[in-house]
Structure formats: C-alpha cells, structure tokens
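# Sequence first, then the predicted structure, then my questions.
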Amino acid sequence: MTDVATKPKGPSRRARKAAGGRAIKVTLVRSLIGSPRDQRETAKGLGLRKLRSHAVLEDTPAVRGMVRKIAHAVEVETVEKP
C-alpha cells in the first residue's frame, strides 16, 4: 500500500460564510458588441444583460476570475452583503 498525499482542504463553507459577508457589485459599463463570444457569455454568466445593469455577487475566486476576463467592460465595487 502506498501513501497518498492528500490536498489540504480550505475552510468549510460554513466558516467562509461566517468569516466574510463580502460581496461585490459588478456593473456593465461598456458594450460587448463585437467582443469575442466567450466574453459575452461571461457577462451573461455574471447576470449582466444590458448596459448599466448590475449584479451583487459573492466575492469568490471564480467570480473574480470572470470579472477579470471582462475587466475592460465592467466596474466593480465592494459591498457588504445584506
């Protein structure tokens, strides 16, 4: 039998929820007409439909990566989750 190295786990979902009620407000400020399809789909995945539409999302690495992909077309604000 071999020793299998296990990947250390991060904090549990409950610990993350208790530790931070952080959220970000993402607003679409620039049109995505003419941009690559994956960028348009990323905006749709964030819940952004029209110009000046916004979405309040949990501040996670996945959401931050999506925002970074279309950073040229969005504004981001940090807000406290209600």
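That came in fine, so what should we check first? Residues are numbered from 1 along each chain as shown.
# how close does the residue nearest in space to the middle of the chain sit to Gly45?
For the chain, the residue nearest the mean C-alpha position is Val63 (1.5 Å; CA atoms, centre = their mean). According to CB to CB, to the nearest Å, Val63 and Gly45 sit 9 Å apart. Heads up, the C-betas are built off the backbone N, CA and C, glycines and all.
# same deal with Pro36?
14 Å.
# Would you map the strands across this structure?
All strands of the chain, identified by DSSP state E, fall at 22-28, 54-58, 74-80.
# for the shortest one, which positions count as buried?
This points to strand 54-58. The neighbour-count check on strand 54-58 (16 or more other CB atoms under 10 Å) flags 54-55, 57 as buried.
# circling back: Throw the strands of the chain into TSV and include mean pLDDT and distance to Glu41, thanks.
Output for the strands of the chain, formatted as TSV (pLDDT from 0 to 100; distance: least, CB to CB, whole Å):
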stretch	mean pLDDT	distance to Glu41
strand 22-28	96	13
strand 54-58	96	15
strand 74-80	95	14
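# Please convert these to TSV, extending it with distance to Val67.
Shown next, in TSV, are the strands of the chain (distance: least, CB to CB, whole Å):
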stretch	distance to Val67
strand 22-28	6
strand 54-58	9
strand 74-80	6
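# re the thing from before, more crowded one of Pro36 and Gly45?
Legend: neighbour count by other CB atoms under 10 Å for Pro36 and Gly45, higher for Gly45 (13 against 10).
# Distance of the spatially closest residue to that one that is not a sequence neighbour relative to Thr60?
With CB to CB, 6 or more residues apart in numbering as the criterion, Gly45 has its nearest non-adjacent residue at 6.3 Å, and that residue is Met66. According to CB to CB, Met66 and Thr60 sit 10 Å apart.
# ok, those two, which is more surrounded?
Between Met66 and Thr60, Met66 has the larger neighbour count (other CB under 10 Å), namely 20 against 13.
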